[in-house]
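Asks: generate coordinates for the sequence data below:
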Amino acid sequence: MFKVRGRSAAAAAGTLLAAAAWLFGGGEDVFAVGPVRAARGASASGFLDVPARGDPGTRIPVTVIHGAKPGKVVAFVAGVHGAEYPPILALHRVRERIDPKALSGTVILVHIANLPSFSRRTVYWNPHDWKNLNRVFPGDAAGTLSQRMARVLTDEVVKKCDALVDMHCGDANEALIPYSYWIISGDAALDARTRELALAFGLRHIIIDTSRTKDLRDSKYLGNTVVLLGKPAVTTESGYLGRSDEEDIVRNVEGALGVMKLYGLIAGRPAPAENVVWIDRYEVVNAGADGVWEPKVGMGATVAEGQTVGLLRDYFGRVLEELEAPFAGLILYIVGTPPANRGEPLFEVGRVKK
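Replies: Numbering: from 1, shown residues only. The predicted structure is shown next:
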């Protein structure tokens, strides 16, 4: 075996690997997410900086809990949409409940991914560039603010974790039943791991999602970006209409703990959802014009194909559109507030797999 400055190639390679592991947050002693560095058996909180570039910059609050024992790195991301509150509040409780000295592995908590939207109380959009953060992944370091935020999250969270839960709920205008998206990659082994992750979070309704793009350069969604990099991810939805109901907060906390149990970070076994309802087709119905939305059914309602779900009126109250269910199924979510904008969602229908 050849030598490198008095050492074997194997020893040199080992040193390089150890250095790389430390650099990218996987070392024995310190796990780093941007400037937030947690020593083994400890936790640290701080901010990922997104610099200004022609438009304002921002910060992303994160916590790193680096277990006393090695194990998987699992990330939980809340607040990609800033008015979705139960997941944000749930991660505060998760941070308080996890003892790093009893943890095997590492937990990354992104408390509020979209702080501009949260601070300005906007639905869907970042108020600085009017982009939807969950449509611009993997992001662009030279792009607008939302694109730069996505790039930072991709580099500092997605690439450093072994699995990720993208935690959503009904935005401030959406009445939504709890459900998850199981993103299908086409890789049977990965899809099995992702299915296991979705079940461990514990939401009863699970969408079998085959619709996501396979182009990593334009992955659009946070969860899809993770899957396209060969790692399991699930997008969860629990909470509605901008509320902070205790039931929805607890459901998110228990879901996160279930995922940690699945990967052996904490003791116990996850309690998977019982009597799972699999959704094998879904469709979002958008407004064809600006106006006033008048829903005729509620979230979770069973609808027949062609049934009227709601009316879109003009600003004088005249009916512009009668929106119908495209097929028989469940109303997964429905906009529960009157404002309607052309091209924006009004409701989503899911077909139950037989």
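
Asks: how near is I88 to D218?
Replies: 27 Å (CB to CB, to the nearest Å). C-beta: built from backbone N, CA, C; applies to glycine.

Asks: low-confidence ranges in the protein?
Replies: 1-28 (pLDDT under 70).

Asks: more crowded one of I88 and D218?
Replies: Shown here are I88 and D218; by other CB atoms under 10 Å, I88 has more neighbours (24 against 12).

Asks: assumed that one was part of a helix.
Replies: Yes: under DSSP: H, G, I helix; E, B strand; the rest coil, I88 sits within a helix.

Asks: quick one: it and I112 touch, right?
Replies: Yes: between I88 and I112 a contact is recorded at 5.8 Å, counting by CB atoms under 8 Å.

Asks: overlap of the contact sets of the two?
Replies: With contacts defined as CB atoms under 8 Å, 6 or more residues apart in numbering, the residues shared by I88 and I112 are 78-79, 118.

Asks: which among the residues you listed gets closest to D129?
Replies: Set against D129, the nearest of the shared contacts of I88 and I112 by CB to CB is F118 (15.5 Å).

Asks: name the helix or strand for that closest one, please.
Replies: If you go by DSSP states H and E, F118 is part of helix 115-120.

Asks: for that helix, buried residues please.
Replies: Using 16 or more other CB atoms under 10 Å as the test for burial, helix 115-120 gives 115-118.

Asks: do the same with stretch 85-96
Replies: Neighbour-count burial for stretch 85-96 [16+ other CB under 10 Å]: 85-91, 94-95.

Asks: with distance to K261 as extra columns, can I get those in CSV?
Replies: Below are the buried residues of stretch 85-96 laid out as CSV (distance: CB to CB, whole Å):
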residue, distance to K261
Y85, 25
P86, 21
P87, 19
I88, 22
L89, 21
A90, 16
L91, 17
V94, 13
R95, 17
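
Asks: so which of those residues comes closest to D162?
Replies: Ranked by distance to D162 (CB to CB), the buried residues of stretch 85-96 are led by V94 at 17.4 Å.

Asks: that closest one should be in a helix, yeah?
Replies: Yes: according to three-state DSSP, V94 belongs to a helix.

Asks: does it touch V74 like I think?
Replies: No: using CB under 8 Å, V94 makes no contact with V74, being 11.0 Å away.

Asks: what touches both of those two?
Replies: V107.

Asks: rewinding a little: mind putting the buried residues of helix 115-120 into TSV with distance to V157?
Replies: Output for those, formatted as TSV (distance: CB to CB, whole Å):
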residue	distance to V157
L115	15
P116	18
S117	18
F118	17
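
Asks: between these, which is nearest A289?
Replies: S117 (25.2 Å).

Asks: now that closest one: how far from N134?
Replies: Counting by CB to CB - S117 and N134 are separated by 11 Å.

Asks: next: A271.
Replies: 28 Å.

Asks: compare the two (neighbour count), which wins?
Replies: N134 (21 against 13).

Asks: for the closest residue to the more buried one other than its chain neighbours, helix, strand, or coil?
Replies: Nearest non-adjacent residue to N134, counting by CB to CB, 6 or more residues apart in numbering: V80, 5.0 Å away. When classified by three-state DSSP, V80 comes out as coil.

Asks: wait, V80 touches L133, no?
Replies: Yes: contact criterion CB under 8 Å: V80 and L133 qualify, at 5.3 Å.
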